[in-house]
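A.B. asks: predicted model follows, preceded by the sequence.
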Amino acid sequence: MAFPGVRALDNVDFSLKKGEIHALMGENGAGKSTLIKVLTGVHTMDSGEIYLDGYDHPIINRSPEEAQKVGISTVYQEVNLCPNISVAENIFIGRQPRNFFGAIKWKEMNNRAHEILKGIGLDNIDVTRALGEYSVAIQQMVAIARAVDFNCKVLILDEPTSSLDDEEVYKLFVVMNKLKEAGTGIIFVTHFLEQVYEICDSITVLRNGELVGQYSVDELPRVQLVAKMLGHEFDDLAAIRNPDSSSDVVSDKPQVIKAVGLSHNGTIKPFDIEIRKGEVIGLTGLLGSGRSELARTLYAADHADSGDLFFNGQKLKAHDPIDSMRAGMAFLPEDRKEESIIADLSIRENLIIALQAKTGVFKLLPLSKQNELADKYIKALSIKAPSPETLIKQLSGGNQQKVIIGRWLITHPEFLILDEPTRGIDVGTKTEIQKLVLKLAGEGMTIMFISSEIDEMLRTVNRLCVLRDGAKVGELNNNGLDQQAVMAAIAGGGNK
């Protein structure tokens, strides 16, 4: 399968057994999405054949609708259903039961929707309520229920757990196991290694559009899986642990950020924080603890309702993000798709847009300068792309994230906020970003690092701020800490 400048999939063999949960693994850009799109008819393959149980000849899917008819369905991370109509309508959209006069038979449809959901363990869902009233996790279950009702033989789950908490992941796994017992073959795409070893039977690894191998989960230890994904031996992510992880290392450095009683009504209670030059400070806490909200308040993405913020010793009155940017701050938000990438612009345009905003619309950057900066940061961040003029939407998630990081580095910030910079990207790119954070801090940049993965922060930060229910409840020096100690602090409130 080829695209301009890229061989996305090259002579890949893949097999899925009936009643098997099969992990499809690889770095961003490895070919996972392309393989899925070939199987589901989004892309037409250049060569090869697809065989499916029950057919005595190869099948050719020219569209997702054709794939669904033969029993291949996909549920994506972003649920592709209609939030404003009922759960039952979403399950039967386009095929609602109707009477002789063409009117929808509501009672029959609702009863059938209830039975379908009951079959996957969701018998407490009110199918007459609008889908949008339910959580993302429930919406994904409804999408799965719709796929199952199409007599699904193969169910593809593409990053279904990225936006779920632990309890929701558990419920999803219960449903997956029910489908497995019923004989459905499941292709599971995820970047969470622990989930692969918890739920999957087999693993297929792709790299650079080629097949690395297919393995039983029991025969492939995690370290070996990572090595196969990266293409070289890889000891452990702990090897990149910050050698200067103690906060004592930066205690004598100048103060860059100082917040006193800063708050945002409804999300963040008044908090104090001090961050020094060259320090990497982490924010930790459960989902909903206020990590992102605290960062947004510091950057003026959310307007502070009380308190004062000092930047390099001077009181900063930032009314909106452009004021913060011009002062020397930068902010990479949590949701890159909604708040960062501009899908229909090129890599070059996405890279230089923050610098252009900082300098002003009446001081346009010359195209020669734009090209120079784009070439520099594409090389510095190892962004894999055919050209700086490639549209950013054509890149893998990990390379998109690198472009957005590059966008802010071009502005030469003194204080960089990274909110979940490694979420939903492959382990190799995660490692590159973590190493970059340490490099930037070593060069004197001050960084706030937010991650749901505590181990990742322990490798990267000097100090951890613990949050709970919108309040900063403690600080922990990252000096000999382990995951259990941090979790205990989160549960108990930390050291005030």
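C.D. replies: On my side now, so go ahead.
A.B. asks: wait, Ala441 touches Ile447, no?
C.D. replies: Yes - counting by Cβ atoms under 8 Å, Ala441 does reach Ile447; the two are 5.7 Å apart. For every residue, glycine as well, the C-beta is placed using N, CA and C.
A.B. asks: joint contacts of these two?
C.D. replies: 279-280 (Cβ atoms under 8 Å, 6 or more residues apart in numbering).
A.B. asks: where does the nearest residue to Thr422 once chain neighbours are set aside sit, in terms of helix or strand?
C.D. replies: Counting by Cβ to Cβ, 6 or more residues apart in numbering, Thr422 lies nearest to Lys430, which is 4.2 Å off, once chain neighbours are set aside. Lys430 belongs to helix 427-442 when assigned by DSSP states H and E.
A.B. asks: buried sites along that helix?
C.D. replies: 427-434, 436-438, 440-441 (16 or more other Cβ atoms under 10 Å).
A.B. asks: which residues in the stretch 301-450 of the chain form helices?
C.D. replies: Here the stretch 301-450 of the chain has its helices, by DSSP state H, counting those that start in this stretch, at 321-327, 336-339, 347-359, 367-380, 397-409, 427-442.
A.B. asks: please identify the most buried of those.
C.D. replies: Across the helices of the stretch 301-450 of the chain, averaging neighbours per residue (mean count of other Cβ atoms under 10 Å) puts helix 397-409 on top, at a mean of 24.
A.B. asks: what helices and strands are in contact with that one?
C.D. replies: Judged by 3 or more Cβ pairs under 8 Å, 6 or more residues apart in numbering; DSSP states H and E, helix 397-409 is in contact with strand 329-332, helix 336-339, helix 347-359, helix 367-380, strand 415-419, helix 427-442.
A.B. asks: could you dump the ones you listed to JSON lines with distance to Asp126?
C.D. replies: Compiled in JSON lines, those are given as follows (distance: least, Cβ to Cβ, whole Å):
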{"stretch": "strand 329-332", "distance to Asp126": "39"}
{"stretch": "helix 336-339", "distance to Asp126": "29"}
{"stretch": "helix 347-359", "distance to Asp126": "42"}
{"stretch": "helix 367-380", "distance to Asp126": "50"}
{"stretch": "strand 415-419", "distance to Asp126": "34"}
{"stretch": "helix 427-442", "distance to Asp126": "40"}
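A.B. asks: comparing the ones you listed by mean pLDDT, which bottoms out?
C.D. replies: Lowest mean pLDDT within those: helix 336-339, at a mean of 79.
A.B. asks: what's in contact with that helix?
C.D. replies: 333, 397, 400-401, 404.
A.B. asks: export that helix to CSV, keeping only CA atoms.
C.D. replies: Extracted in CSV, the C-alpha atoms of helix 336-339 (Å, rounded to 0.1, in the frame of the first residue of the first chain):
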residue,chain,number,x,y,z
ARG,A,336,-3.7,17.9,20.1
LYS,A,337,-6.4,17.2,17.6
GLU,A,338,-8.8,19.8,18.9
GLU,A,339,-6.5,22.4,20.3
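A.B. asks: work out the gap between it and the centre of the chain.
C.D. replies: Relative to its chain's centre, helix 336-339 lies at 10 Å (Cα atoms, centre = their mean, to the nearest Å).
A.B. asks: check which helix or strand covers Asp34.
C.D. replies: Heads up, residue 34 is Thr, not Asp. helix 32-39.
A.B. asks: could you say what helices and strands that helix packs with?
C.D. replies: Applying 3+ Cβ pairs under 8 Å, 6+ apart, one finds that helix 32-39 contacts strand 21-25, strand 154-158, strand 185-189.
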